[in-house]
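Trainee: Fold the stuff below for me.
(one chain, ligands or ions: 1)
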Amino acid sequence: MIKKNFTIKACAAALALLHTSPFLSAAEEEKSMDKMWGEKESLNIEAKHPALKWFKDDKYAMFIHWGLYSEMGGVWKDKTYYGIGEWIMHMANIPVEEYKGFASQFNPEKFDATQLVKLAKAAGMKTIVITAKHHDGFALFDSDASDFTVTKATPYKRDLMKQLADACAAEGIRLGFYYSQNQDWTEPYGGEYKGKRPKGYKPADFNIYFEKKVIPQVTELLTNYGDIAMVWFDTPGDMPKEYSQQLVELVTKLQPDCLINSRIGGGYGDYVSLGDMYVPPVRPNVGAWETVDTTNNSWSYAWYDQNWKSPKTICERLVRVAARGGSYMLNVGPKGDGTIPEQAVVSLEASGDWVKAHSEAIYGTTASPFDQGFSWGDITTNGNDLYLHVFDWPAKGALRLPNLGANIKSAIILDDGSEVEVTEDGSILEVHLGSQVGRDLSIIPVVKLTLDSPAKVTNQATQVDGLTPVTLLAEMATTDACSEKGYRWMEKFGEWKHDHFIQGWESKDSKVTWDINVLEPAQYSVTVEYSCENDAANSEWILSCGDESITFITFESGADSTKSFQPGPARQRNFKVNLGVLDIPKAGLNQIQVTPRILKGKGIGIKGITLQPYR
Ligand code: FHN
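Mentor: Below you'll find the model as predicted:
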């Protein structure tokens with residue numbers, strides 16, 4: 001039996017290949033994703049750097065993608081290129097010299113560093129990390145190592161990083177630099193160069209780029225801009241490990257307090273950057289980690305990308321990450337003129353109001369005592385205090401918490417201090433939201449529960465409370481002769497999607513199991529979400545809980561063209577099928593299992609099973 005707390009399996013197309021190669025074999029995908037983010041090796045990083053204290057306490061940072069591509073905004077020569085905006089040089093095949101020439105049009109006269117830093121503060125963020133140099137090689141700072149900089153190649157001429165560093169220092173915000181250490185599309189010896197390589201070029205010439213640009217520029221960034229909180233490296237790809245090591249030594253020598261993220265490659269770094277935009281549903285079994293996310297879909301400004309996250313969604317994602325023990329870095333993409341898209345400002349300010357009003361439930365907190373969230377919301381912790389963030393009203397207005405392993409001292413609504421009634425039903429605590437129910441849920445209510453000692457939850461099975469629907473995801477399962485695999489793909493406007501499936505059914509004896517802690521013996525309406533390729537169509541399956549079972553048959557779910565580059569179950573559409581009513585007659589620990597009855601091919605991909613109280 002294989003129990004997985006957390007898996008990052010390299011399964012998506014690497015960005016470098018994404019726009020050129022429509023189909024990758026599973027093996028290629030595995031390799032390319034790992035190559036791109038250096039992800040597998042990063043999972044062993046130990047959280048030991050002293051600066052991780054602030055990283056863990058602060059929880060919330062602003063990411064900024066800004067560069068020449070922001071002036072293009074997704075358009076090159078009157079044609080819109082959909083995808084992540086900062087990849088337009090790649091997507092539109094812009095010749096190196098033309099791209100570099102575009103610097104003459106970058107003139108961010110409206111950039112106001114102080115206003116930007118104040119926006120980060122208003123949002124409740126404590127750190128800013130900005131693309132000092134992205135894959136296109138253009139530097140937003142002055143550099144002796146390159147002429148392709150804001151100071152030398154644009155009419156603007158001023159050092160943008162200097163202005164930002166000064167504003168951050170004045171406003172008490174930490175500053176970090178994003179630096180693309182491997183990919184440099186405009187440097188003849190850089191990774192993934194987009195021009196014609198110099199005569200006699202050999203891959204080892206990467207060293208020329210590295211010594212002449214990367215080392216000097218990282219040195220400049222860590223010498224000329226005061227205290228730097230972190231260098232955020234990205235896409236190490238196939239860069240040999242020695243280079244990552246050299247960068248670690250350089251950063252540590254110049255600024256020992258500066259953190260380095262795992263995308264430096266080679267298994268180095270101080271903490272793990274998870275796959276883009278991934279909010280893990282189960283607590284990752286790694287040291288310190290972060291989720292990076294965007295306010296809309298693309299990282300850099302793109303005129304068509306209006307898919308703005310609402311203030312509530314931003315708060316929810318921040319809480320979900322904090323509740324699993326991580327830090328959250330949320331991106332904004334300024335326009336070429338230096339202004340921030342208005343909707344991003346609105347969402348950041350409104351979500352910031354909530355963060356400030358509930359600051360004690362965010363900053364300095366640790367993970368929830370439960371490894372998974374709840375369908376009504378999630379929990380952050382500080383010592384004896386639990387903060388229950390209510391995203392959706394639970395049925396009967398009660399939050400049910402089993403086996404906290406401590407006694408309750410008080411319960412209040414955090415923003416107005418009003419008391420909340422708590423009752424006990426055996427080992428289950430019931431928090432009654434009473435007259436709070438019906439409150440405007442766009443402002444997430446938080447219940448502060450004070451215990452007489454820290455909560456100790458020994459039963460990490462998914463809570464099935466009899467009141468709210470619960471989805472048992474592939475990530476939460478134990479597998480036997482089948483496996484759980486994560487797939488990622490990029491949507492049209494650049495948003496990464498993550499789906500995990502139980503798949504690769506080896507025989508009729510294969511089974512997947514979800515441990516559930518049932519608080520309310522009851523009947524549950526069961527839904528399965530699956531994808532099914534042609535060769536697995538008409539296979540038959542048994543879903544069971546103890547002696548109770550439901551049999552179902554699966555149908556080919558058809559390819560999903562929005563993710564057509566992605567082979568395997570994730571390339572198919574998902575079907576959500578209601579299987580029927582399942583009796584769960586006893587409270588306590590139970591198991592939901594699925595096993596093939598008649599297996600065809602390698603079987604279906606199961607994304608999740610939803611149990612909805614049946615009434
Ligand atoms: O290729 C980059 C992408 O443009 C963006 O910077 C993201 C942010 O995490 N990192 C890379 C892809 O993962």
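
Trainee: can we go C-alpha only for contacts and neighbour counts from here?
Mentor: Fine.

Trainee: Looks to me like residue 543 is in a strand.
Mentor: Yes: secondary structure assignment places residue 543 in a strand (DSSP: H, G, I helix; E, B strand; the rest coil).

Trainee: partner residues bridging residue 464?
Mentor: residue 518 (DSSP bridges).

Trainee: My error: substitute residue 175 in the last question.
Mentor: With DSSP bridges as the rule, residue 175 is bridged to residue 128.

Trainee: Kindly report the same for residue 486.
Mentor: residue 500.

Trainee: Quick check: the gap between it and the ligand.
Mentor: Residue 486 is 16 Å from the ligand, where distance means CA to the nearest ligand atom, to the nearest Å.

Trainee: One more: residue 170?
Mentor: 27 Å.

Trainee: now residue 236
Mentor: 10 Å.

Trainee: wait, is that residue part of a helix?
Mentor: No: Residue 236: not assigned to a helix; according to three-state DSSP it is coil.

Trainee: Next, count neighbours for it.
Mentor: Per other CA atoms under 10 Å, the neighbour tally for residue 236 reads 26.

Trainee: quick one, what contacts the residue in the stretch 251-400 of the chain positioned nearest to the ligand?
Mentor: Distances between the stretch 251-400 of the chain and the ligand by CA to the nearest ligand atom are smallest at residue 276, namely 5.3 Å. By CA atoms under 8 Å, 6 or more residues apart in numbering, the contact set of residue 276 is 291, 292, 293, 496.

Trainee: For the stretch 151-300 of the chain, what lies in contact range of the ligand?
Mentor: 234, 276 (CA under 6 Å from any ligand atom).

Trainee: quick one: the strands in the stretch 151-300 of the chain?
Mentor: 174-179, 230-233, 259-260, 272-273, 289-294 (DSSP state E, counting those that start in this stretch).

Trainee: Could you point out which of the ones you listed sits nearest residue 529?
Mentor: Checking the strands of the stretch 151-300 of the chain against residue 529 by CA to CA gives strand 289-294 as the closest, at 25.4 Å.

Trainee: Who are the packing partners of the helix or strand that that closest one is followed by?
Mentor: Using DSSP states H and E, the helix or strand that follows strand 289-294 towards the C-terminus is helix 311-323. On a contact count with 3 or more CA pairs under 8 Å, 6 or more residues apart in numbering; DSSP states H and E, helix 311-323 meets strand 327-332, helix 342-357, strand 377-382.

Trainee: tell me the most buried of the ones you listed?
Mentor: Of all the helices and strands packed on helix 311-323, strand 327-332 carries the top mean neighbour count, a mean of 25, counting by mean count of other CA atoms under 10 Å.

Trainee: Now do residue 483 against the ligand, distance only.
Mentor: Remark: distance between residue 483 and the ligand (CA to the nearest ligand atom) = 25 Å.

Trainee: Now for residue 582: which residues touch it?
Mentor: Contacts of residue 582 (CA under 8 Å, 6+ apart): 523, 524, 525, 526, 548, 549, 550.

Trainee: again, only this time at 7 Å
Mentor: Neighbouring residues of residue 582 by CA atoms under 7 Å, 6 or more residues apart in numbering: 523, 524, 525, 526, 548, 549.

Trainee: quick one: average pLDDT of stretch 529-542?
Mentor: Averaged across stretch 529-542, pLDDT comes to 95.

Trainee: Contacts for it, please.
Mentor: 549-558, 569, 572-577, 594-609.

Trainee: buried ones in that stretch?
Mentor: For stretch 529-542, the neighbour count (16 or more other CA atoms under 10 Å) marks 529-534, 536-542 as buried.

Trainee: Secondary structure and distance to residue 244 added to those residues, as JSON lines?
Mentor: Output for these, formatted as JSON lines (DSSP: H, G, I helix; E, B strand; the rest coil; distance: CA to CA, whole Å):
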{"residue": "529", "secondary structure": "strand", "distance to residue 244": "41"}
{"residue": "530", "secondary structure": "strand", "distance to residue 244": "40"}
{"residue": "531", "secondary structure": "strand", "distance to residue 244": "39"}
{"residue": "532", "secondary structure": "coil", "distance to residue 244": "41"}
{"residue": "533", "secondary structure": "coil", "distance to residue 244": "41"}
{"residue": "534", "secondary structure": "helix", "distance to residue 244": "44"}
{"residue": "536", "secondary structure": "helix", "distance to residue 244": "44"}
{"residue": "537", "secondary structure": "coil", "distance to residue 244": "47"}
{"residue": "538", "secondary structure": "coil", "distance to residue 244": "50"}
{"residue": "539", "secondary structure": "coil", "distance to residue 244": "48"}
{"residue": "540", "secondary structure": "strand", "distance to residue 244": "50"}
{"residue": "541", "secondary structure": "strand", "distance to residue 244": "48"}
{"residue": "542", "secondary structure": "strand", "distance to residue 244": "49"}
